[in-house]
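Trainee: generate coordinates for the sequence data below:
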Amino acid sequence: MSDPKNPFDSSESQQLSKTRHERVGNDEDGQRIDNFLIRKCKGVPRSHIYRIIRKGDVRVDGRRIKQTRKLVAGEQVRIPAIQVAVESEARVPDKLAKAAGSSVLLEHDDFIVVNKPPGIAVHGGSGLAFGLIDALRQYRDEPKLELAHRLDRATSGCLLVGRGLSANRKLQDLFRQRSIAKRYWAVVDGRWPKSVKKVDAPLLKNQEHAGERRVMVDPSGQEALTHFAVAESFSTATLLDVELDTGRTHQIRVHTRHTGHAVIGDGRYGDNGKNAKFRKLGLSRLFLHSRELAFEWQGENFQVNAAADEQWQRALSTLRSL
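Mentor: Now for the predicted structure:
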């Protein structure tokens, strides 16, 4: 049952769609098939979209494809009959929409950068009817806004949003080419050894661990490199300046845990006992903040910084007093 008290909760009401064929438009040229389907099949879980691609139910010009296949303008995509959630006219609550709209740090004709608050998912799914991107679209009346990358729900800070599919694909290419510098603040438990300035450990995604899917350090995983510098040491914790060389899922969270000093408030990779002690001190969030994005766009250099919120600053004051 959906929770009427939770404005993010999606409805269970469903209907069966019909098999249809969609022509790839010029503005969709180069878009991955999975992202194309996510846009075309509102209300369908991502996991189901990936399943129908794997099964071969989705065809492009009559041929089976992989989920990484990039589409070409003019191609025809067959979308099978699937169960879809009946879309209601639910709006993003005004408070969230206003918070999203007031979080803009930089505005450009091709993109905006926002300071994402902690605890808000960037997009809907997994029981959430909408996310930050929906709030931005509603508040700004810009339905073509698209996420150029992702931040975990509990992570705060710089989030890059493209204004239209064409600009967004180019921004995503910059991330893939590692042409965007990404720096974070992280507060980890214990005293981080100053000699550890980088962690170069491959990551394998979605491994089962105690019934939960996780990213784990594994020799067979994808390369992952994170740079660390101690910004401030406390008696029970350390503030780290972190720079990502690669951008794997949960990379900072897994690499800090691998070193023996998990991010404070990390319920998935952290130590439950230590997190409980920090919560008693008022540290009740994930202390990971995307503080800077820097990149070149059409010959112009951009460097965007996002300040951490008051809760973060109070936590640092508490740690300094111990």
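
Trainee: buried residues in the helix or strand harbouring Arg320?
Mentor: Using DSSP states H and E, the secondary-structure element containing Arg320 is helix 310-321. Of the residues in helix 310-321, those buried under the neighbour-count criterion (16 or more other CB atoms under 10 Å) are 312, 315-316, 319. From N, CA and C alone the C-beta is placed, and that goes for glycine too.

Trainee: average pLDDT for it?
Mentor: Over the span of helix 310-321, the pLDDT mean works out to 96.

Trainee: by contact count, what packs against it?
Mentor: Judged by 3 or more CB pairs under 8 Å, 6 or more residues apart in numbering; DSSP states H and E, the packing partners of helix 310-321 are strand 181-189.

Trainee: now, among the buried residues of helix 310-321, which is nearest to Arg176?
Mentor: Distance from Arg176 was checked for each of the buried residues of helix 310-321 by CB to CB. The minimum falls on Trp312, at 29.9 Å.

Trainee: Leu288 is in contact with the closest one, correct?
Mentor: No. With contacts counted by CB atoms under 8 Å, Trp312 stays clear of Leu288, the gap being 10.1 Å.

Trainee: mutual contacts of the two, please.
Mentor: 156, 185 (CB atoms under 8 Å, 6 or more residues apart in numbering).

Trainee: and the helices in the stretch 101-250 of the chain?
Mentor: Read by DSSP state H, counting those that start in this stretch, the stretch 101-250 of the chain holds these helices, from start to end of the chain: 132-140, 165-176.

Trainee: tell me the buried residues in the first one?
Mentor: Neighbour-count burial for helix 132-140 flags 132-140 (criterion: 16+ other CB under 10 Å).

Trainee: from the residues you listed, which is closest to Leu71?
Mentor: If you rank those by distance to Leu71 using CB to CB, Ile133 comes first, at 21.3 Å.

Trainee: do I have it right that that closest one meets Leu145?
Mentor: Yes. The criterion here is CB under 8 Å, and Ile133 meets it with Leu145 at 6.3 Å.

Trainee: which ones are touching the closest residue to Glu146 other than its chain neighbours?
Mentor: Spatial nearest neighbour of Glu146, excluding adjacent residues (CB to CB, 6 or more residues apart in numbering): Asn168 at 4.1 Å. Listed by CB under 8 Å, 6+ apart, the contact set of Asn168 reads 111, 146-148, 162.

Trainee: can you list the residues you listed in CSV and add neighbour count?
Mentor: Written out in CSV, the entries for the contacts of Asn168 read as follows (neighbours: other CB atoms under 10 Å):
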residue, neighbour count
Phe111, 22
Glu146, 20
Leu147, 19
Ala148, 22
Gly162, 22
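
Trainee: in strands, which of those appear?
Mentor: With strands defined by DSSP state E, the entries of the contacts of Asn168 inside them are 111, 146-147, 162.

Trainee: okay, now the unreliable bits of the chain?
Mentor: Per-residue confidence of the chain (counting by pLDDT under 70) places the weak regions at 1-16, 84-90, 125-129, 207-211.

Trainee: try 80
Mentor: Low-confidence segments of the chain, defined by pLDDT under 80: 1-17, 42-43, 45-46, 83-91, 124-130, 206-213.

Trainee: care to break it down by domain?
Mentor: 14-85, 94-175, 178-321 (automatic domain parsing).

Trainee: on that earlier part again, now the residue nearest to Glu146: how far from Val187?
Mentor: The span separating Asn168 from Val187 equals 32 Å under the rule CB to CB, to the nearest Å.

Trainee: with Thr19 instead?
Mentor: Thr19 sits 51 Å away from Val187 when distances are taken as CB to CB.

Trainee: looking at these two, which is more packed in?
Mentor: Summary of the neighbour comparison: Thr19 and Val187, criterion other CB atoms under 10 Å, with Val187 having more neighbours (27 against 10).

Trainee: what is the neighbour count of the nearest residue to that one once chain neighbours are set aside?
Mentor: When the adjacent residues along the chain are set aside, Val187 lies closest to Phe287, with 3.7 Å between them (CB to CB, 6+ apart). For Phe287, the count of nearby residues is 28 (other CB under 10 Å).

Trainee: ok, now which ones touch Phe287?
Mentor: Counted by CB under 8 Å, 6+ apart, Phe287 has contacts 185-188, 263-265, 312, 315.

Trainee: 7 Å instead, please
Mentor: Residues counted as contacts of Phe287 (CB atoms under 7 Å, 6 or more residues apart in numbering) are 186-187, 263-265, 315.

Trainee: reformat those residues as JSON lines; add distance to Thr256.
Mentor: Shown next, in JSON lines, are the contacts of Phe287 (distance: CB to CB, whole Å):
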{"residue": "Ala186", "distance to Thr256": "6"}
{"residue": "Val187", "distance to Thr256": "10"}
{"residue": "Val263", "distance to Thr256": "5"}
{"residue": "Ile264", "distance to Thr256": "10"}
{"residue": "Gly265", "distance to Thr256": "12"}
{"residue": "Ala315", "distance to Thr256": "17"}
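
Trainee: return the member of the residues you listed nearest to Arg51.
Mentor: Within these, the smallest distance to Arg51 is 32.2 Å, found for Val263 (CB to CB).
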